[in-house]
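Chemist: Starting from these lines, generate the structure:
(chains A, B, C and D)
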Protein chains: 2
Amino acid sequence: MDERRTDNRTHDDEAAAAVSRFVERFAAQLVQAGMPRMPARVFAALLSSEQGALTSAELSGQLKVSPAAVSGAVRYLAQVNLVSREREPGSRRERYRVQGDQWHNALLERDTSLRNWQTTMREGVEQFGLDTPQGRRINETLEFFLFLDKELGSLMERWAAHRAEHLGD
Amino acid sequence: MDERRTDNRTHDDEAAAAVSRFVERFAAQLVQAGMPRMPARVFAALLSSEQGALTSAELSGQLKVSPAAVSGAVRYLAQVNLVSREREPGSRRERYRVQGDQWHNALLERDTSLRNWQTTMREGVEQFGLDTPQGRRINETLEFFLFLDKELGSLMERWAAHRAEHLGD
DNA sequence: CCTTAACTTCACACATTTCTGAAAGAAGCG
DNA sequence: CGCTTCTTTCAGAAATGTGTGAAGTTAAGG
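Modeler: Here you go, the predicted structure:
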């Protein structure tokens, strides 16, 4: 691991490879958590980029995939509010940026997902009735989701506070 | 266990179909949350069953899949601690049971998953260093996971309390 | 022991998902 | 306008995932 100042070429390659290793590991974890592969890789690359933003071409080059793949991945990420698209003024290039702190929120998927669970569970309770073991079991799950919905709100508030305090204003 | 009435047949079929509809909807939601298809269906069926437990044969019949498929699904579910296997004493039958309340915990994946995130993020911070924007960004994510780890503990305690009060005694 | 029921493993077929190359679509700039 | 550059769409190829039948493994019960 003794990399002297031989020349910039190998040095840069090393660095790029190291970044790539982290990106792929990060992406793998996102995949495990249920995110499709390419969106995961794109997101990890963005988060690991200096500006927190990259162009389509940069992503395409760095991840060694076609522009088409990047396009699809970005569409997905934008849909779940993990990246925003910006037009660079004076160029046709589009720049994709990670939503700095909102991605923590997204991880807990509070918005729609939780509500969907609630309605599904409510239907189950209705169907089986509280006079059956199944009904009561499913009702408990419903209550759990209601509880979560309530609690996660204040949890994120506490996070915002913690964050402000720790990382400075 | 026996057929008495003439209309029992249609009545039972109705009921079974209704259960099936709920099971499939439930399963679909689990799939959307990242669970493989067959494990999702098996889990939903178990949770919707009267005893919260079914045998391999019952699952196979109810879900209209081969025993092999059930086997694979159960292996997955056991691995993520969503079901436990029980041997029925006087028989070769195996019985799979939902982990009553522990599945709520599992949903929040506190155990291993969160730790894995932490180590991945730590590696990222180390690699980029806190003197880079990337490093700081990833560090913030690391802090978020540490925060979550801490908070989810007390959240689940509160849930246990809420639950005991509401359904307990 | 041997039989047999119950579950598991494995190789393969079928389906779905995911990525690519090609072509069409937008938007700056001369 | 029309040229050029970047992005998106789309059909299809490649990769992955998923479920089945058949053979293998384990253990109950004669």
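Chemist: helix or strand right after the worst-scoring helix or strand of chain A on mean pLDDT?
Modeler: Ranked by mean pLDDT, DSSP states H and E, the helix or strand of chain A with the weakest confidence is helix A:102-108, at a mean of 74. Downstream of helix A:102-108, the next assigned helix or strand under DSSP states H and E is helix A:112-128.
Chemist: buried set for that following helix?
Modeler: Neighbour-count burial for helix A:112-128, counted by 16 or more other Cβ atoms under 10 Å in any protein chain shown, picks out A:117-118, A:120-121, A:123-125, A:127-128. (Each C-beta comes from the backbone N, C-alpha and C, glycine too.)
Chemist: now check the strand or helix carrying A:Gln29, is it near DNA strand D?
Modeler: Assigned by DSSP H and E, A:Gln29 belongs to helix A:8-32. No: counting by Cβ under 7 Å from any atom of the strand, DNA strand D has no neighbours in helix A:8-32; the shortest distance is 8.3 Å.
Chemist: From A:Thr55, how far out is A:Arg92?
Modeler: Distance, A:Arg92 to A:Thr55, by Cβ to Cβ, to the nearest Å: 10 Å.
Chemist: More neighbours: which of these two?
Modeler: For A:Arg92 versus A:Thr55, the count of surrounding residues by other Cβ atoms under 10 Å in any protein chain shown is larger for A:Thr55: 16 against 6.
Chemist: Kindly state the beta-bridge partners for that one.
Modeler: A:Arg95 (DSSP bridges).
Chemist: per-residue confidence at it?
Modeler: We have a pLDDT of 93 for A:Thr55.
Chemist: just A:Gln134 next, same as before
Modeler: Looking at A:Gln134, its pLDDT is 91.
Chemist: And A:Val70, by the same measure?
Modeler: Taking A:Val70 on its own, its pLDDT is 95.
Chemist: go on, the one 10 residues further on?
Modeler: The predicted local distance difference test score for A:Val80 is 88.
Chemist: and what of A:Arg9?
Modeler: 61.
Chemist: For A:Leu121, which non-adjacent residue is spatially closest?
Modeler: To be clear, residue A:121 is Met; Leu isn't right here. Using Cβ to Cβ, 6 or more residues apart in numbering or on different chains and skipping the chain neighbours, the partner closest in space to A:Met121 is A:Leu142 (3.8 Å).
Chemist: nope, A:Val23 is what I meant
Modeler: In space, A:Val23 is closest to A:Ala44, 4.5 Å off (Cβ to Cβ, 6+ apart).
Chemist: give me the number of residues near the one you found?
Modeler: 27.
Chemist: So stretch A:100-112, near chain B or not?
Modeler: Yes: judged by Cβ under 8 Å from any Cβ of the partner chain, stretch A:100-112 comes into contact with chain B at A:100-101, A:104.
Chemist: Which of those has the largest number of neighbours?
Modeler: Highest neighbour count within the residues of stretch A:100-112 next to chain B, by other Cβ under 10 Å: A:His104, with 20 neighbours.
Chemist: Any residue of stretch A:82-101 touching DNA strand D?
Modeler: Yes: using Cβ under 7 Å from any atom of the strand, stretch A:82-101 reaches DNA strand D at A:85, A:91-94.
Chemist: Could you list the contact residues of chain A toward DNA strand C?
Modeler: A:36-38, A:64-69, A:72-73, A:87, A:90-92.
Chemist: how about the nearest residue to the closest residue to chain B within chain A, chain neighbours excluded?
Modeler: Chain A approaches chain B most closely through A:Gly34 (2.6 Å), counting by Cβ to the nearest Cβ. Excluding the flanking residues, the one nearest A:Gly34 by Cβ to Cβ, 6+ apart is B:Gly34, at 2.6 Å.
Chemist: just A:Trp117 next, same as before
Modeler: Closest to A:Trp117 by Cβ to Cβ, 6+ apart is A:Phe145, at 4.9 Å.
Chemist: Next, work out how far apart the one you found and B:Arg158 are.
Modeler: 15 Å.
Chemist: and these two? which has more neighbours close in?
Modeler: The neighbour comparison of A:Phe145 against B:Arg158 (other Cβ under 10 Å) goes to A:Phe145, with 21 against 13.
Chemist: What backbone torsions are found at the more buried one?
Modeler: phi -70, psi -40 (degrees, to the nearest 10).
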